Structures are given as structure tokens and as C-alpha cells.
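A.B. asks: fold the following.
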Amino acid sequence: KRLVVFTPLSAGLEWSIHFKPFLFNSYLKNMKAVIYCRVSSKEQEESGYSLSAQESLLKEYSDKQGFKVAKKFLISESADGKKQRQIFGQMMEYVKRQNIKIIICEKVDRLTRNFRDAVMIDDWLQKDEERQVHLVKDYLTLHKNSRSQEKLNWGIRIIFAKNYIDNLSEEVRKGQLEKLKQGWMPNKPYVGYKSDKKDGHIIHIIDKEKAPLIKKIFELYATGNFSLLTITKKMYELGLRGRYGNKVSKSTIHNILTNSFYIGKLEWGGNEYKGSHETFIDKELFDLVQDRLRRKETPKYKKHLMQFRGLIRCDECGGTITWETHKGHWYGHCNHFQPCEQKTWVKQNDIEDKLLKHFDDFIIKNKRLANIIKKALKESHQDEINYHEASLSELNKSLELNRRKQDRLYDDYLEERIIKDLYERKQKQIKFEEENINDSIKKQSHASTKFFELGVNIFELSQKAKDIFSSCKNPEKKRTLLSLIFENMTLNEGNLATQYTPAFETLSKAINATNGSKVALKAKSGLKNLEHQFKTVNKRKTPALASACPTWWAG
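C.D. replies: Just a heads-up that it's a prediction; the model follows:
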């Protein structure tokens, strides 16, 4: 069953559903729908973005539209990433199984923050013209026949939502790196150590109960008379237990023996840092154990750093393209580790020329339209600024309340209303809360000063990619650029095939649409209307973002 409205236009007659919403809405009345609500942080829960607030908003919207809510899917801030994906998957299975046509959510970043879920939504919409996704606060309704500008808006917001998560991860990594530079591991203590506080920071100190047992492990293995399994059993008999009182496994014993943390080194992300913690295993004993564990291997050195190394594969067998030099030039060919008929060798310069043509596809020819998109990207974050300000306000209130608690606690101690042990225990707890609040304020401040740069940086990178690639002399930076833009590159008889990453695939489609003939023909007469539409669809809240590209991308 389909509703078709015949609408006369100046150029003739055209079939239209979009421009008769009151008729379409009457058709949708009494249709079943599902509501999807999600809160991703405690700050959101406390800043007016709670599950109950979302549920109330979406229920009110459903009633006005005449939808019957068949089921509600709610995700609290305490749910981990795995649980959130499970609930999203359950919702998609439910709407398919029960033939539900309508999904209602507050906005894009509440529905999904990754490309995989976005693809599931797109596939679901494409299989039935009656299916719709209503994003209430974004004033956006998606369906199979959505306009290109609505799809562009959806795609851009998905990019923003994904990079908001990436930004939070980046802030965590920055905090971890800073702690490593100070000589402390940014994780739970290894067996033989325990956590303690020093100057408001969590550090690792020697666990005097377990440290002698850890040292015994090294001493036993260094003799060469005990296997890992024998030591595992013996340490259990001596009382060594894991963090939760469980038996320490053979693999854990091996990890202990190979962990250079016990001699004052911090290994993290492929890098090594000097530890500030006290050690109880000397280097001579540690090295002796390593000799027992394995033979010394001859170090392997890379003779060259190729910009395409590991990035291009054979289209026929899937093997990595190997690069060799002949007469001063680099050539790539299939390594034939798998049965393969490919015999063509490709010159590196030819690959570069083909990539430069791909970069040309990103260039927006109509500069006025380019400025409209950039402006729309910036304006789409205004509500996110308000969200960050609200979050910071709530966090600062919590900090002030925490300090008042400290003052009252101190007064109670001076007035002898509480004993010293209780005072110290309560003070430690309040100080720990204060540290968590300050960390949250710091993260919010970083995000709020950087998020608005993301969309514009990705857009500007797409416009400058060709110049950056041509002028850059650093192979590693070229590799980074290629990895950011291309998800997959293959060779077949010398012909290069590419697949963009999801973010740049979205941009490519948007730019192709912008450069399309229809847009070009209507550019003069329709620019003001297009600009108005961009402002309208982008004026609602989108997630906070950090800069997506390294600073050197700017040229």
C-alpha cells in the first residue's frame, strides 16, 4: 500500500509524497513504532539528558504523530559498549521480525556513533519505502526516498558522532601518555604491587606481602630446574593468588617473567618509558631469566620505509604487494605467496599519478556551495556548546559541594565530633571524589575547545589532499594520509582500485552531488534556498568533536 499525491509544478506534473505531509501523516496514524533512548555518561544524566527526559519527549512526539509505541529500548549510562551494541541489535531484529515501520530517537548521536550501525539503518530503510527513522531534535525524518541534502545531513552527523567517541579516546590516551612521562603506569598494578596516592595522583608501590613471592618466581626459573607449570603449582602452594583470590595461571607466570616493569621499565604502545616506581628485581636476574625463556634473536632492521608498504593488495589472491628497486625506480608486484596469475609490475610513480586523480574528485567546483557546507558544519555545533556549558556548570557545582563537605568535615574534627580515623577515611574519600570531578572538568574543557574544528578540518583536508600528497617528502606522513582516506587499495594487472573510508565515502558522495549537473544548473537561482536548508537541518545539537586531522595537514 502506497500513498501517492499528484502535485502540479511549473515545469509540468510530478509525483510527490514529501510536499503533502498532512496526507502522509494521516496514512501513518496508528502505525506501530519503537522508541530508542540512550544516555552515554553520568554528566548527561545530570544535565537534562536523562533517559526519562528522552522517553517523555519521544512518547509525546509519538502521540502527536498518532504512532502506537510497540516497545521501548533504553540504554543507561552504566551500560558498556558491548551491552549497547547488543540492545541496538535487539532493536533492529525486533523491528524486522514484528514488521515495525517506524523507529523514533532523540537525535543521530543517540541512535548510533559508528558506521556499522549506520549501515544497518540505511539497509533497513532501503528495503521498504514505508520504513522511517524519526530523529526528533534533529528535525530529520529518514526514509528510502529522502532528499540528497537530508542524506548528507545524516552522513555528516554520523561522522561527527563517531569522532566524538574518537576524541574521548584521544583524551584518555593523552592522560595515559602524561602519566607515563612522569614514570607511572596508567593501569591497574601488576602482581607484587598495589595502588596508593601521592600528591593527589594514583601511583604503584610494592606490595610487601606478594613481592617476595614474585621474586621467588624469578629465582626459581633462573636456576633452570623448574618449568613454568611446576612453578605455577609451587607458587599456589606458597599462597600466591590473583587480584580476586583466584589461582594464578601458567600464562600469568610467563607474563610476570617477561614483564620489564619489574626492573623499572614501562612498556606502552610499542614505546618504553623510565619508571618512577621502586623495584625489587635486579636487572641481572631478569636478563638471566630472559636467556632461559628464549634464545637471543638476531635483530631485524628495515632497509627502507616505503609509502605504499602494506597498503596495497593483489586483487586476485589478496596478497600484499611487494616493492623492489630497479634502476633507481620502485616497482610493485604480487608476492605470489598464494596461487596467482598476476605478473604485471607497476611503477610507484604511476600509482601516485592515479591517486592524484582520485584526490581531484574531492574538489568542489562551486566555491559558494563549498562555503555553505563549511558554514553549515560550524553552525550545526551550537547546541553542543550549550551542552558542554551545562555539563561544566554541573561539574563546577559538584566541585563546590565537595569543598563544602571538606570544610564541614574539618570543622567536625576540630570540634571533636568525629574521631581521627573516621576523619582521615572520610577525607580520603572526598579527596578521591574531588580528583574525579577535576578530571571530568578537564576532559570537558578540552572537548569544548576543540570539537568545532572537526568537520571543517575533514572538509579542508579533502580539498587540500592533492597538494599535501604532492608536496610532502615524508613517506610515513603520506602513508597516514592514504590510510585516512582509503580503506582498501588493490591492484589487478596494473590497474588500481580504491575504496574510501566511511567518512571520506560520505564526503565523496556529497561533493559529487554538489558538483552534479542538476545542482550546477540550479546553482544561480537556488543558492539562497540551499543555504537556508543547510541552516535548518544543521541547527540542532550534534556531539562534541576534536580535530580529526594532525596539524600538519593544514599544509
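A.B. asks: so F73, which of the three states?
C.D. replies: Secondary structure for F73, judged by DSSP: H, G, I helix; E, B strand; the rest coil, is strand.
A.B. asks: enumerate every residue touching it.
C.D. replies: V34, I35, Y36, C37, I87, F88, Q90, M91, Y94 (CB atoms under 8 Å, 6 or more residues apart in numbering). C-beta coordinates here come from the backbone N, C-alpha and C atoms, glycine included.
A.B. asks: what's the ChimeraX line that selects buried ones from those residues?
C.D. replies: Buried residues within the contacts of F73, by 16 or more other CB atoms under 10 Å, are selected in ChimeraX with:
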select :34,35,36,37,88,91
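A.B. asks: got TSV for the contacts of F73, with pLDDT too?
C.D. replies: Below are those laid out as TSV (pLDDT from 0 to 100):
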residue	pLDDT
V34	95
I35	94
Y36	93
C37	91
I87	90
F88	89
Q90	92
M91	92
Y94	94
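A.B. asks: gap between S146 and L135?
C.D. replies: 12 Å (CB to CB, to the nearest Å).
A.B. asks: just L496 next, same as before
C.D. replies: 38 Å.
A.B. asks: ok, these two, which is more surrounded?
C.D. replies: L135 (22 against 18; other CB atoms under 10 Å).
A.B. asks: quick check: phi and psi on the more buried one?
C.D. replies: phi -110, psi 90 (degrees, to the nearest 10).
A.B. asks: so it makes contact with I102?
C.D. replies: No - L135 is not in contact with I102 according to CB atoms under 8 Å; the separation is 11.9 Å.
A.B. asks: what segments of the stretch 1-150 of the chain are helices?
C.D. replies: Using DSSP state H, counting those that start in this stretch, the helices of the stretch 1-150 of the chain run over 21-28, 42-46, 51-65, 81-97, 108-111, 115-126, 148-181.
A.B. asks: of all those helices, which one is nearest Q338?
C.D. replies: Closest of the helices of the stretch 1-150 of the chain to Q338 is helix 115-126, at 28.4 Å (criterion: CB to CB).
A.B. asks: that closest one - what's its average pLDDT?
C.D. replies: On average, the pLDDT along helix 115-126 is 85.
A.B. asks: please apply the same query to stretch 269-280.
C.D. replies: Mean predicted lDDT for stretch 269-280 stands at 89.
A.B. asks: now swap in stretch 285-295 and tell me
C.D. replies: Per-residue scores along stretch 285-295 average to 85.
A.B. asks: tell me which residues in it are buried?
C.D. replies: Neighbour counts using 16+ other CB under 10 Å place L285, F286, L288, V289 of stretch 285-295 among the buried residues.
A.B. asks: gap between the nearest residue to the second one once chain neighbours are set aside and L257?
C.D. replies: In this case it means F286. Counting by CB to CB, 6 or more residues apart in numbering, I263 is the residue found nearest to F286 once chain neighbours are left out, at 4.8 Å. Separation of I263 from L257 (CB to CB) stands at 12 Å.
A.B. asks: more neighbours: the two, which one.
C.D. replies: L257 (21 against 16).
A.B. asks: distance of the more buried one from S251?
C.D. replies: 11 Å.
A.B. asks: equivalent analysis for M92, please.
C.D. replies: From M92 to S251 the distance is 37 Å (CB to CB).
A.B. asks: understood, closing this out.
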